[in-house]
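1. sequence isn't available, so here's the structure alone:
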């Protein structure tokens, strides 16, 4: 086939989940509800942390940025997915495809480093509480957050840059609900070996490095918890760590399965079930796992709600007096 024919395909069709009309309606309602809850939960948490001075600590700064990245992930994937449930052509251009993957990769890469930073923060807080403010200084917090965003942008820049070496021919149907690099590799007329190798090296390195930080941090955290004399305190700490670790395990497990294993490009039938976890489920669960189980966040939320109620009562009292 000639090079001219190779470059003809600049638009793709996202197959999505199903072609059955009755299932499309049900899935639309489910995923729309997930999207709304995800955006309200994560953006609400960002606003709460930004406006409440009591929450301007390293742990909540990391949490606020994690919530922001989860919102970015949902915005990159879900609107187009919801549109395609009732769209006739379900098309997406090559450049839209690259942009969608860029923001997804940005969010997921930054999440890896933010989760590692949060694990280290909890390690210092539990294992060295007297030295917490010294070890987790404001400067270090800013450096770790900035590093997460720098790495988050560099990784997708490299991956998207490498996509420009590929040309696409034959089928233009992507068997997925969003535009990911692995389905694009399958449609390439050019051998994507270099792209696969770079993806494996970068994704594998990022995940192994951040997972090592998380595992070592939680190892020392658990060791400290089991040496606690208070059974009540030990149970509370274990309950919190278990929920956090479950969320981290699902997130990292999904990413490792998708991108950090040799021959991942050939596992097309497993793309959608695994992708649902790290693009939809984890962003939905994180606000509940990391904040709604946190007494300090709940206390601040209650305080703000009481303030609003008090302001509303004052307005109701002052309105007749003004008239």
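-> Cool, the structure landed. No experiment lies behind these values; they were computed from the predicted model shown. Numbers count the residues shown, from 1 in each chain.

2. and residue 12, that's in a strand?
-> Yes - assessed with DSSP: H, G, I helix; E, B strand; the rest coil, residue 12 lies in a strand.

3. run through the bridge partners of it.
-> Here residue 12 shows beta-bridge partners residue 92, assigned using DSSP bridges.

4. could you report the neighbour count for it?
-> Here the number of neighbours of residue 12 (other CB atoms under 10 Å) works out to 23. C-beta coordinates here come from the backbone N, C-alpha and C atoms, glycine included.

5. what's it in contact with, if anything?
-> 91-94, 97, 168, 172-174, 179, 187 (CB atoms under 8 Å, 6 or more residues apart in numbering).

6. one more time with 10 Å
-> 90-94, 96-97, 168, 171-174, 176, 179, 183-184, 187 (CB atoms under 10 Å, 6 or more residues apart in numbering).

7. please check these and keep the buried ones.
-> 90, 92, 94, 97, 168, 174, 176, 179, 183-184, 187 (16 or more other CB atoms under 10 Å).

8. show me the contacts of residue 12 that map onto strands.
-> Among the contacts of residue 12, DSSP state E puts 91-93, 173-174 in strands.

9. widest-spaced pair of these?
-> Based on CB to CB, the longest span within these runs between 93 and 173 and measures 14.6 Å.

10. picking that back up, quick one: which of the ones in strands among the contacts of residue 12 is nearest to residue 148?
-> The closest of the ones in strands among the contacts of residue 12, once distances to residue 148 are taken by CB to CB, is residue 92, at 28.2 Å.

11. is it true that the closest one touches residue 84?
-> Yes - Residue 92 lies in contact with residue 84 (CB atoms under 10 Å); the separation is 8.5 Å.

12. which helix or strand contains the nearest residue to residue 258 once chain neighbours are set aside?
-> Nearest residue to residue 258 in three dimensions, chain neighbours excluded: residue 274, at 5.4 Å (CB to CB, 6 or more residues apart in numbering). Per DSSP states H and E: residue 274 is located in helix 271-276.

13. am I right that residue 87 is in a helix?
-> No - applying three-state DSSP, one finds residue 87 to be coil, outside a helix.

14. neighbours of it, how many?
-> For residue 87, the neighbour count with other CB under 10 Å is 12.

15. for it, give me the backbone phi and psi.
-> When read as degrees, to the nearest 10, the backbone of residue 87 gives phi -90, psi 140.

16. pLDDT weak spots in the stretch 151-300 of the chain?
-> The stretch 151-300 of the chain contains residues with pLDDT under 70 at 170, 233, 235-237, 239-240, 260-270, 292-295.

17. list the buried residues of the helix or strand harbouring residue 159.
-> Here residue 159, judged by DSSP H and E, is contained in helix 138-163. Buried residues in helix 138-163, counting neighbours by 16+ other CB under 10 Å, are found at 140-141, 144-145, 148-149, 151-152, 155-156, 159-160, 162-163.

18. for these, which one is nearest residue 76?
-> Distances from residue 76 to the buried residues of helix 138-163, taken by CB to CB, are shortest for residue 156, at 10.7 Å.

19. any idea how far the closest one is from residue 74?
-> 17 Å (CB to CB, to the nearest Å).

20. element containing the residue nearest the centre of the chain, please.
-> Centroid check for the chain by CA atoms, centre = their mean gives residue 70 as the closest residue, at 3.9 Å. Assigned by DSSP H and E, residue 70 falls within helix 58-85.

21. same question for that helix, mean pLDDT?
-> For helix 58-85, mean pLDDT rounds to 93.

22. and residue 82, how far is that from residue 211?
-> In this view, residue 82 and residue 211 are 32 Å apart by CB to CB.

23. actually residue 107, sorry about that
-> On the measure of CB to CB, residue 107 and residue 211 end up 18 Å apart.

24. compare these two (neighbour count), which wins?
-> Between residue 107 and residue 211, counting by other CB under 10 Å, residue 107 is the more crowded of the two (25 against 21).

25. thought that one was touching residue 251?
-> No - using CB under 10 Å, residue 107 makes no contact with residue 251, being 11.4 Å away.

26. what touches both of the two?
-> Residues within reach of residue 107 and of residue 251 at once, by CB under 10 Å, 6+ apart, are 278, 283.

27. what's the burial count for the closest residue to residue 192 other than its chain neighbours?
-> Closest residue to residue 192 apart from its sequence neighbours, by CB to CB, 6+ apart: residue 185 at 4.0 Å. Residues near residue 185, counting by other CB under 10 Å, number 21.

28. equivalent analysis for residue 255, please.
-> Residue 255 has 24 nearby residues by other CB under 10 Å.

29. could you do residue 253 as well?
-> Using other CB under 10 Å, residue 253 is surrounded by 14 other residues.

30. picking up where we left off before, now do the helix holding residue 70: distance to the chain's middle.
-> Counting by CA atoms, centre = their mean, to the nearest Å, helix 58-85 is centred 6 Å from the centre of its parent chain.
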